[in-house]
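1. this is a predicted model, with the sequence first.
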2 protein chains.
Amino acid sequence: MIGLWHQYGHGVGMDQGEFAFIERMARLLPAAPAGQTWIGDDAAVLEGGVLFATDVVVEGVHFDFAWTTAEDAGWKALAVNVSDLAAMGGSPWAAVVCLVVPPDRPGLADGVGAGLAEAADALGCPLVGGDTSNGPVCTIAVAVLGRSATTGPVLRSGARPGDAIFVTGPLGAAAAALRRMRQGATPGHLALQRLRRPAPRVVEGQAAAEAGAGAMIDVSDGLAADLGHICDRSRVGVALVAASIPHDEGVDLGDALHGGDDYELCFCAPDPGRVRAAFAARGLAQPFRIGTITAEPARLLVADDGSTCVLAPSGWQHGVSGPA
Amino acid sequence: MIGLWHQYGHGVGMDQGEFAFIERMARLLPAAPAGQTWIGDDAAVLEGGVLFATDVVVEGVHFDFAWTTAEDAGWKALAVNVSDLAAMGGSPWAAVVCLVVPPDRPGLADGVGAGLAEAADALGCPLVGGDTSNGPVCTIAVAVLGRSATTGPVLRSGARPGDAIFVTGPLGAAAAALRRMRQGATPGHLALQRLRRPAPRVVEGQAAAEAGAGAMIDVSDGLAADLGHICDRSRVGVALVAASIPHDEGVDLGDALHGGDDYELCFCAPDPGRVRAAFAARGLAQPFRIGTITAEPARLLVADDGSTCVLAPSGWQHGVSGPA
């Protein structure tokens, strides 16, 4: 997960080279045995379909106590991990946490701990162990175990040309809320809640798996970047329909495409009817269909007037073609 | 795991209250189902005997780049986690890592990654995923999965009066090496190696489990503190024989009792003959018998002259009784 600050120009360094670093690590490490997936997906898939994932949130990178409480930071640290299990179509099993706090901030550890405990209860992912240390900034590293759906884990690599692309909810609210706060304005309650207490889409992920989704990812780094990972792994392209990308009022398309921290799921499935039925059967809100997987590897955004632009992982390259 | 610096007067705050914090967290969280163990042991024991543990190492708390390389830090981060599995008598299964590095230190992430990869290979614990972020100091949070021995996991709670207490190797070398470096001296190669590249005692832990060990812990915070955890959980006391506590030349008894970062195992077993046979059968060096578990909850150290003192978790309370 790339920090929000990075996306707004803060926190250069590792983040800018994170994907390159992961590639170098993957080359250092042995390949996964057949039937398992190690580095490179939302969660590793181990023997028996056991899912294993980890994500860290760091004060000043992923959150700031100017706009987040210790409890919210604890919640978020667990929620973003459970979101990685959701993105595999899996179920949470258990979590452990490493909590680093500055020694001169009494009460911080207990606040984070309370938020972790609340999230563990609400998200059905019991916290079963941990470690604590001092350090200069609050750092919360959670690892989670999960179980795959009976239909098997949904990887990033199974998108096929013709698949319909869905997202489970409106995008960009967290990024818009953050930008507003940094401008000194007060975002709406719901947008703030998205930023502070993201809700991982576990049941939606299970419905997508059951509906035959071939690829899925959680939208943590922005739709364009995360869908890009699916394209990379599946060796496909996308054609997104700009007008179909859901975002709340006051959130612009740029936030919806590039804002991180939404924690909705994006998935690709060959049979939209089966997707609708699976979501309906579980009493879930219907997901939004936002485009189609293409054999051609380009990543295109189709505007209302029929013009297309190339969708860069973050930012835009305009004017590839005029109106059709 | 408590940082070494703490033991030498650095890193106050959370560390001083770590055990109290863990107690408060345990009260916030639901109890483990029957047959499982959550917070309070070296690793959590989940359904099916799956072991799950996490430990973080922080620059300036657990290591310092003045005396450790990036590769060593990566090695240590994985090794101390595998040691938690060893302390349950378990086998490593897989690891994930959250790596936080300062953005202005290029090469650091790759160095840590290389050390992690080397340890993963050497210790048989494949690294299957991770996350990276920027932060002010290098922070490496590893989580590991393991499998229990067929005889079941060895907890901290199963020590019984009359059990013989063993340690798998000499203690205190890492602490002595650290002290020497902080005094500007150069420690010996082997002592430095203990500090930089601890070797978790996985096979020894399995031998102890097979030999009927009722309680086990890895010596990360110092023998007195760690054996104290066994006493707390098992509601027993100990009588250690000072002369029998193994330590290398140049390492004093204080280091052996209170120095952290040894990563030898300490275990309690009712039948010393069975312990010797299990270690011999696996071609392992024999463990050192250092004392006996007592029904009386006192923690005593018996000196050569027969006098006893009360063993505090760190430091001493002298003069409880004179020579017998």
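-> Yep, it's here.
2. going forward, measure contacts and count neighbours with C-alpha atoms only.
-> Noted.
3. would you map the strands across chain A?
-> Along chain A, counting by DSSP state E, strands occupy A:44-45, A:50-58, A:91-101, A:127-134, A:139-147, A:164-167, A:215-218, A:237-241, A:265-269, A:288-294, A:299-302, A:308-311, A:316-321.
4. need the contact partners of the first one.
-> Spelled out, that is strand A:44-45. The contact list for strand A:44-45, computed with C-alpha atoms under 8 Å, 6 or more residues apart in numbering or on different chains, reads A:36-38, A:51-53, A:153, B:128-129.
5. tabulate the strands of chain A (TSV), appending mean pLDDT.
-> Formatted as TSV, those follow (pLDDT from 0 to 100):
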stretch	mean pLDDT
strand A:44-45	98
strand A:50-58	97
strand A:91-101	98
strand A:127-134	95
strand A:139-147	98
strand A:164-167	98
strand A:215-218	98
strand A:237-241	97
strand A:265-269	98
strand A:288-294	98
strand A:299-302	94
strand A:308-311	90
strand A:316-321	40
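6. could I get those strands as TSV with mean neighbour count?
-> Below are those laid out as TSV (neighbours: other C-alpha atoms under 10 Å in any protein chain shown):
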stretch	mean neighbour count
strand A:44-45	30
strand A:50-58	28
strand A:91-101	26
strand A:127-134	27
strand A:139-147	28
strand A:164-167	25
strand A:215-218	31
strand A:237-241	23
strand A:265-269	29
strand A:288-294	21
strand A:299-302	22
strand A:308-311	21
strand A:316-321	11
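7. using a markdown table, lay out these together with distance to B:Pro246.
-> Listed next are those as a markdown table, based on distance: least, C-alpha to C-alpha, whole Å:
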| stretch | distance to B:Pro246 |
| --- | --- |
| strand A:44-45 | 41 |
| strand A:50-58 | 38 |
| strand A:91-101 | 32 |
| strand A:127-134 | 28 |
| strand A:139-147 | 36 |
| strand A:164-167 | 61 |
| strand A:215-218 | 52 |
| strand A:237-241 | 64 |
| strand A:265-269 | 56 |
| strand A:288-294 | 65 |
| strand A:299-302 | 65 |
| strand A:308-311 | 65 |
| strand A:316-321 | 66 |
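8. of those strands, which is nearest B:Ala277?
-> strand A:127-134 (33.7 Å; C-alpha to C-alpha).
9. just the C-alphas of that closest one, formatted as PDB.
-> What follows is strand A:127-134, C-alpha atoms only, in PDB (Å, rounded to 0.1, in the frame of the first residue of the first chain):
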ATOM      1  CA  LEU A 127      -6.100 -10.200  17.200                       C
ATOM      2  CA  VAL A 128      -4.100 -13.200  18.500                       C
ATOM      3  CA  GLY A 129      -0.600 -11.700  19.300                       C
ATOM      4  CA  GLY A 130       1.800  -8.900  18.900                       C
ATOM      5  CA  ASP A 131       4.900  -7.100  19.700                       C
ATOM      6  CA  THR A 132       5.600  -3.500  20.800                       C
ATOM      7  CA  SER A 133       8.600  -1.300  20.700                       C
ATOM      8  CA  ASN A 134       9.600   2.300  20.900                       C
END
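10. strand partners of it, parallel vs antiparallel please.
-> Counting by DSSP bridges, the strands paired with strand A:127-134 are strand A:91-101 (parallel).
11. any idea how far the partner strand is from the chain center?
-> 17 Å (C-alpha atoms, centre = their mean, to the nearest Å).
12. also stretch A:168-184?
-> Offset of stretch A:168-184 from its chain centre (C-alpha atoms, centre = their mean): 15 Å.
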